[in-house]
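Engineer: Need coordinates for the following:
(one chain, ligands or ions: 1)
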Amino acid sequence: MTKQQLVLEDGTTFIGTGFGSTESISGEVVFYNGITGYQEMISDPANAGKIIVMTQPLVGNYGINQDDFETLDPCINGLIVKEVSDYPSNFRMDESLDSFFKAHDIPGITGVDTRKLVTHIRNQGSMKGSITNIESSLDSIIETLTSIPEQTNVVEQVSAVKPYIIPGRGSRIVIIDLGIKHGILRELTKRGCHITVVPYNYGFEKIMRLKPEGVLLSNGPGNPTAIPEVIETIKELIGKTPLFGIGLGQLLFGLACGASTEKLPYGQYGNYPVKDLETNQSHLVAKSQSYTITNNSLDGTKLEKIYIGLNDKTVEGLKHKEYPAFSVQFNPEGSPGPEDIIYLFDSFLQEIKQFSENKEDTSNA
Ligand SMILES: NC(=O)CC[C@H](N)C(=O)O
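Structural biologist: Numbering: from 1, shown residues only. As a prediction, this is how the structure comes out:
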């Protein structure tokens, strides 16, 4: 096993033992606090390009299976762990994390003091980092890291290239694919929906030609302001068909309604508590988030908060005051869990039913 290092943009270095690929890579370093669910996290397109630090000290102990992927190709750039399991075992397991990472050219480092690393990120904010072998010169790594341009449109790399259909006999849903997770598709197919997944830049007219009964704006990677064309499409969709935004979908929905977004100091990856402002109940939810809707930018918009973060009052859910359109920042489908708020898919289908009944009423009047 070779010694590998994680070098952060500020020069802080962590040395450990490499597993998976020995490629050198760079990416934004963020931490994930989930105890399980590493396979879903690795394959969540919203995490594209990230180097993820696991706060859970033992990772990989149930291996990798065929059932828990959130997309076909894994998306993260690298993984940092305290200890990768040497003897993974599970009845569903097909291979170890090490062999999966080798096959997909993803480097990992084990044996890292992840408590120290996470504390550093919490204090200094998330920053770029590089996984390399220990012979590489620190100065040249830092120089390369600081000169990497901010990636603008990451969605383009993970969105569908052409529309595709997942047939069903129920509600006709169009999904704008900004980097959709399988978990969302699973929840809609479970409810019998007829789904058309379209590329992120599929325009308003083309979407309306599909006669959607509802449009879902998916989760996805990167900064929402990098895809202004989607914001324009959403502006036109509001009021014409019920909308449901998830993750990046919420950020774009907020921007389309006149709110603004900002980057969080170190993101929220894993499990976090939120409060439902309508029922006053709190729930634990799954999240992958670096950007947020700016709280006070909601003043003067037609948006109302429906969920807030219990740790820091971040905007976790929004609803339009006039039209059937709502969104959440977290992943209601879990994948990985918890699934406390999975009922939001039923709320979306309920809005769709209500909207079509109202339309019939007005056309009969
Ligand atoms: N889960 C998501 O859809 C992520 C949204 C956005 N890319 C962020 O980092 O905040």
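Engineer: how is the protein carved up into domains?
Structural biologist: Taking automatic domain parsing as the criterion, the chain consists of the domains 3-147, 155-364.
Engineer: Next, see if the longest one gets close to the ligand.
Structural biologist: In this case it means domain 155-364. Yes: using C-beta under 6 Å from any ligand atom, domain 155-364 reaches the ligand at 219-222, 247-248, 288-291. Yep, even glycine has a C-beta here, placed from its N, CA and C like the rest.
Engineer: Residue 54: which of these is nearest?
Structural biologist: The closest of these to residue 54 turns out to be residue 288 (C-beta to C-beta; 13.7 Å).
Engineer: That closest one: neighbour count?
Structural biologist: 27 (other C-beta atoms under 10 Å).
Engineer: contacting residues for it?
Structural biologist: Contacts here follow C-beta atoms under 8 Å, 6 or more residues apart in numbering; on that basis residue 288 touches 41, 44, 46-47, 219, 247, 268-269, 331.
Engineer: ranges for the strands of the stretch 101-250 of the chain?
Structural biologist: Under the criterion DSSP state E, counting those that start in this stretch, strands of the stretch 101-250 of the chain are mapped to 107-110, 127-133, 164-166, 172-177, 194-199, 214-217, 243-246.
Engineer: Parallel or antiparallel, list what pairs with the longest one.
Structural biologist: Just to be clear, that refers to strand 127-133. Strand 127-133 has the following strand partners under DSSP bridges: strand 3-8 (antiparallel), strand 25-32 (antiparallel).
Engineer: what number of residues lie near whichever residue of the stretch 201-350 of the chain sits closest to the ligand?
Structural biologist: Of all residues in the stretch 201-350 of the chain, residue 247 sits closest to the ligand, with a separation of 2.2 Å (C-beta to the nearest ligand atom). By the criterion of other C-beta under 10 Å, residue 247 has 31 neighbours.
Engineer: cool, residue 206 as well?
Structural biologist: By the other C-beta under 10 Å criterion, the neighbourhood of residue 206 contains 14 residues.
Engineer: Next one: it from residue 237, what distance?
Structural biologist: Per C-beta to C-beta, to the nearest Å, residue 206 is found 12 Å from residue 237.
Engineer: For residue 206, see how far away residue 133 is.
Structural biologist: Per C-beta to C-beta, residue 133 is found 48 Å from residue 206.
Engineer: thinking again about what came up before, would a markdown table of the strands paired with strand 127-133 with mean neighbour count be doable?
Structural biologist: Compiled in a markdown table, those are given as follows (neighbours: other C-beta atoms under 10 Å):
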| stretch | mean neighbour count |
| --- | --- |
| strand 3-8 | 22 |
| strand 25-32 | 23 |
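Engineer: nearest to residue 145, of those strands?
Structural biologist: For the strands paired with strand 127-133, distance to residue 145 was read as C-beta to C-beta. The smallest value, 6.0 Å, belongs to strand 25-32.
Engineer: What number of residues are in the vicinity of residue 190?
Structural biologist: Residue crowding around residue 190 was assessed by other C-beta under 10 Å; the count is 11.
Engineer: Residue 140 now?
Structural biologist: Going by other C-beta under 10 Å, the residues that sit close to residue 140 add up to 10.
Engineer: From residue 147, how far out is it?
Structural biologist: Counting by C-beta to C-beta, the gap from residue 140 to residue 147 is 11 Å.
Engineer: how many other residues sit next to residue 261?
Structural biologist: Counted by other C-beta under 10 Å, the residues lying close to residue 261 total 18.
Engineer: Could you pull up the residues touching it?
Structural biologist: Residues in contact with residue 261, defined by C-beta under 8 Å, 6+ apart, are 223-225, 251, 254-255, 291-294.
Engineer: Mind checking which of those are in strands?
Structural biologist: 291-293 (DSSP state E).
Engineer: Counting neighbours, which of those residues comes out on top?
Structural biologist: Neighbours were tallied for each of the ones in strands among the contacts of residue 261 (criterion: other C-beta under 10 Å), and the maximum of 27 neighbours falls on residue 293.
Engineer: I'd say that residue and residue 256 touch.
Structural biologist: No: between residue 293 and residue 256 there is no contact under C-beta atoms under 8 Å: 11.5 Å.
Engineer: Buried ones in the longest strand seen in the chain, by neighbour count?
Structural biologist: Identified as the longest strand of the chain according to DSSP E is strand 261-276. Neighbour-count burial for strand 261-276, counted by 16 or more other C-beta atoms under 10 Å, picks out 261, 266-272, 274-276.
Engineer: Repeat that for stretch 106-113.
Structural biologist: Residues of stretch 106-113 classed as buried by neighbour count (16+ other C-beta under 10 Å): 106-112.
Engineer: likewise stretch 165-175?
Structural biologist: 168, 171-175.
Engineer: and residue 50, what is it in contact with?
Structural biologist: Under the criterion of C-beta under 8 Å, 6+ apart, the contact list for residue 50 reads 27-30, 76-77.
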